[in-house]
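Visitor: pasting the structure only:
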């Protein structure tokens, strides 16, 4: 079990606490969008974890079990073929009011290249995308959010 959102040095708990506090400051632009994206992705993981709360990265056996439930809920026995134009449409799905899945990936890279806390935020976002990719079936596989019904199915185990 890991709590560090590598390549960031922040743990899940630190990142959640810091981003929550930073959201209440007068930020605009990419920093604010990054904070909102982090909140949306961690809330999504809260739901996938069955409401138990996303406070750590699951160890491999539990991670593999969650990945199987996600793929079953999506109706895919194998990872999604990202070469199809349908994948582009899924990547346009909004994560929150500010960014889509694709824009979120770009924002994570942009913030990771910044200085100070913005860099850590970007690296945390990269870690979340990588973790979700793994849960969805491999690199680049996190291309869509599950429907509320699918999330409930995954969370129920």
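Guide: Noted; the coordinates are in hand. Since the model is a prediction, treat every value here as computed from it, not as a measurement.

Visitor: tell me the average confidence for stretch 38-48?
Guide: Mean pLDDT, taken over the full extent of stretch 38-48, equals 94.

Visitor: Helix or strand with the lowest mean pLDDT in the protein?
Guide: Counting by mean pLDDT, DSSP states H and E, the chain has its least confident helix or strand at helix 85-91, which shows a mean of 47.

Visitor: State the next helix or strand along the chain beyond it.
Guide: Scanning forward in sequence from helix 85-91 by DSSP states H and E, the next helix or strand is helix 101-112.

Visitor: That following helix: which residues count as buried?
Guide: Of the residues in helix 101-112, 101, 102, 103, 104, 105, 107, 108, 111, 112 count as buried by neighbour count, 16 or more other Cβ atoms under 10 Å. C-beta: built from backbone N, CA, C; applies to glycine.

Visitor: The third one and residue 18, how far apart?
Guide: In this case it means residue 103. 22 Å (Cβ to Cβ, to the nearest Å).

Visitor: likewise the second one?
Guide: According to Cβ to Cβ, residue 102 stands 25 Å off from residue 18.

Visitor: now do the last one
Guide: Counting by Cβ to Cβ, the gap between residue 112 and residue 18 amounts to 16 Å.

Visitor: likewise the fourth one?
Guide: Residue 104 sits 19 Å away from residue 18, taking Cβ to Cβ as the criterion.

Visitor: Could you do residue 12 as well?
Guide: 11 Å.

Visitor: what does residue 49 give?
Guide: Taken as Cβ to Cβ, the spacing of residue 49 relative to residue 18 amounts to 20 Å.

Visitor: what do you get for residue 150?
Guide: With distances defined as Cβ to Cβ, the gap from residue 150 to residue 18 amounts to 30 Å.

Visitor: ok, residue 12 and residue 18, which is more surrounded?
Guide: Counting neighbours by other Cβ atoms under 10 Å for residue 12 and for residue 18 shows that residue 12 has the greater number, 22 against 17.
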